[in-house]
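**Q** Predicted model and sequence below, questions to follow.
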Protein chains: 2
Amino acid sequence: MSLQDVKLASQKCADCPIRHRAVCSRCEPEELALLEEVKFYRSYAAGQTVIWSGDRMDFVASVVSGIATLTQTLEDGRRQMVGLLLPSDFVGRPGRGTAAFDVTATTDLVMCCFRRKPFEEILANTPHIANRLLEMTLDELDAAREWMLLLGRKTAREKIASLIAIIARRDAALGRRTPGRRFSFELPLTREAMADYLGLTLETVSRQMSALKRDGVIELEGKRGITIPDVDRLIEEAGDDSDGGFPG
Amino acid sequence: MSLQDVKLASQKCADCPIRHRAVCSRCEPEELALLEEVKFYRSYAAGQTVIWSGDRMDFVASVVSGIATLTQTLEDGRRQMVGLLLPSDFVGRPGRGTAAFDVTATTDLVMCCFRRKPFEEILANTPHIANRLLEMTLDELDAAREWMLLLGRKTAREKIASLIAIIARRDAALGRRTPGRRFSFELPLTREAMADYLGLTLETVSRQMSALKRDGVIELEGKRGITIPDVDRLIEEAGDDSDGGFPG
DNA sequence: CGCCAGCCTTGACGCAGATCAAAGACGGGG
DNA sequence: CCCCGTCTTTGATCTGCGTCAAGGCTGGCG
């Protein structure tokens, strides 16, 4: 356990998103105490692999800070990202002891882990926690299905615009809004990771980013900084029918 | 309510897959009685739309027989199938009143429906039902993620082989095995539906089917009949690392 | 029995995105 | 401050799949 782990573990539970997301206001104090008991923190450096597909996994977890990805790989090395885990997202699968996907930290990452067996018991005996987790899983399933539309039917340009919109939306939801429907934020992914997300090559990602910049849809500062002068324009480029659920 | 509905509703609950899948052996008689009370059957003809995306949906359901698809559409008509519902699969989302996707019957279809509000209450008060549903949703999420790998990184030939393997596996799991790792079955999808599933055009589907036939990977009888002389060969063509979970 | 409507197949051609290759921009460490 | 490894951009060329366009099956209905 690193120094940082110790520091985090001693902080109040409010740091742990599962408090907000899987544990609801109807939790009894003794139920919360049970969760506390099986909880521990882990941190990983950017680029580090959290777990390999097929490995034993005897905990479930919630992302506290940083970004992780779920990826799947074919024998010949073709890779597809199948999940993007942002703070408050849940990882792992109650009822199964091995990981189905590679989990990788793309930025420095802190996770709040729960030992699997006791967590499953809590799940079995605490309906509102099970229901909260069900709701989160259904959200993930919806997200996965939108992603399938992106992978199957969108052009490279639309894919890029969609990804930027998704990240901007998540950032905005976390309160990092700037006024006037103009957003600035850091892309937490390399071009390669974006390509893995979108089912493209990194060259195509780079080219389309340049094209969107040339057309005034986005502005780029350095490798990671991005600002969106007109969110509506971006959403239009993404080809979605919805407004993407942007706040404001 | 059609004649067939009446007939089904009067049959024993064993016809309804939710009995096997979401309702577990730990259900008390009075819990089962509660489910019975909010349950009704509906049937649809092949090609009929069950519900449009955005429509009010005040029930959840389980497929009894037949096949349904979940699809998403862009304004310009590009379509992507995001879910394939076979018997015993669950449709609908507790906690949300509108459909997120178009649901279409691709064959004649019978569904066992539960009124949403009371179903949610049962869910909230019956942990083992909630947990069973959670498990089913996690399975679907895993399937969606494998599908994402297919959409993002597989070639047209691999996509076709994968789809055939998936359908064969599901058919095999339902007990329709033929001896010696040789399978014969009916494709329940048109070429167009296959294309929507795989993110291809129907012409490409047709060409790749012909190519697989020419190369002896599959045999075709009429439009729908298909036999797989060597399942291992098919799985190899699909590009997966796993054996696809085939029984036998 | 034969016509017609829906599927399905096959061919020719073009283009979006992959591949191969090279050269910039950083940013961190000595 | 400069060097070097990593990430990114850009260019040239290739190719798998989409698009457009003709026919071919098959089954249902007059």
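**A** That came through fine. Numbers count the residues shown, from 1 in each chain, chains lettered A, B, ... in the order given.
**Q** Any part of the longest helix seen in chain A near DNA strand C?
**A** Longest helix in chain A, counting residues (DSSP state H): helix A:127-153. No - contact of helix A:127-153 with DNA strand C (C-beta under 7 Å from any atom of the strand) is absent, the minimum separation being 9.9 Å. The C-beta positions use only the backbone N, C-alpha and C, and glycine is treated the same way.
**Q** now that helix against helix B:127-153, angle please.
**A** 20 degrees (axes from the mean of the first three to the mean of the last three C-alpha atoms, to 10 degrees).
**Q** buried stuff in the helix or strand following helix A:127-153?
**A** Later in the chain than helix A:127-153, the nearest helix or strand by DSSP states H and E is helix A:156-173. Across helix A:156-173, burial judged by 16 or more other C-beta atoms under 10 Å in any protein chain shown covers A:156-172.
**Q** who touches residue A:211 in this structure?
**A** If you count contacts by C-beta atoms under 8 Å, 6 or more residues apart in numbering or on different chains, residue A:211 has them with residue A:157.
**Q** How much space separates it from residue A:205?
**A** With distances taken as C-beta to C-beta, to the nearest Å, residue A:211 is found 11 Å from residue A:205.
**Q** same thing with residue A:184?
**A** 20 Å.
**Q** From the neighbour counts alone, determine which of the two ranks first.
**A** residue A:205 (24 against 15; other C-beta atoms under 10 Å in any protein chain shown).
**Q** Can you name the residues of chain A that neighbour DNA strand C?
**A** So far as C-beta under 7 Å from any atom of the strand goes, chain A lies against DNA strand C at A:155, A:156, A:157, A:199, A:200, A:201, A:203, A:204, A:222, A:223.
**Q** most neighbours, which of those?
**A** Ranking the residues of chain A next to DNA strand C using other C-beta under 10 Å puts residue A:199 first, with 25 neighbours.
**Q** And that residue, how far from residue A:152?
**A** Taken as C-beta to C-beta, the span from residue A:199 to residue A:152 is 9 Å.
**Q** OK, contacts around the most centrally placed residue in chain A?
**A** Against the mean C-alpha coordinate of chain A, by C-alpha atoms, centre = their mean, the closest residue is residue A:85 at 1.9 Å. By C-beta under 8 Å, 6+ apart, the contact set of residue A:85 is A:63, A:67, A:68, A:69, A:70, A:91, A:103.
**Q** ok, now with 10 Å
**A** Taking C-beta atoms under 10 Å, 6 or more residues apart in numbering or on different chains, we find residue A:85 in contact with A:50, A:61-63, A:66-70, A:91, A:103-106, A:109, A:111, A:140.
**Q** what's the answer for residue A:114, then?
**A** A:16, A:18, A:22, A:35-40, A:59-62, A:92, A:94, A:120, A:122-123.
**Q** Mark which of those residues are part of helices, please.
**A** Per DSSP H, the subset of the contacts of residue A:114 in helices is A:18, A:35, A:36, A:37, A:120, A:122, A:123.
**Q** which non-adjacent residue is nearest the fourth one?
**A** By the measure of C-beta to C-beta, 6 or more residues apart in numbering or on different chains, the closest residue to residue A:37 outside its immediate chain neighbours is residue A:118, 7.4 Å from it.
**Q** pull the helix or strand with minimum mean pLDDT from chain A.
**A** Taking mean pLDDT, DSSP states H and E as the measure, the helix or strand of chain A with the lowest value is helix A:3-10, at a mean of 36.
**Q** how does chain A divide up, domain by domain?
**A** For chain A, the structural domains run A:3-149, A:154-238, going by automatic domain parsing.
**Q** Hmm, residue A:234 is touching residue A:164, no?
**A** Yes - the pair residue A:234 and residue A:164 passes the contact test of C-beta atoms under 10 Å, sitting 6.4 Å apart.
**Q** can you name the farthest residue from the center of chain A?
**A** residue A:30 (30.2 Å).
**Q** what about the strands in chain A?
**A** Counting by DSSP state E, chain A has strands at residues A:39-44, A:49-51, A:59-65, A:68-73, A:79-85, A:90-91, A:102-105, A:109-115, A:183-186, A:219-221, A:225-228.
**Q** Up against DNA strand D, what does chain A have?
**A** A:190-192, A:202-203, A:205-207, A:209-210, A:220, A:223-224.
**Q** Tell me the buried residues within these.
**A** A:191, A:205, A:206, A:209.
**Q** The residue lying closest to residue A:58 once chain neighbours are set aside: how many residues sit nearby?
**A** With C-beta to C-beta, 6+ apart as the criterion, residue A:58 has its nearest non-adjacent residue at 4.8 Å, and that residue is residue A:116. Using other C-beta under 10 Å, residue A:116 has 20 other residues around it.
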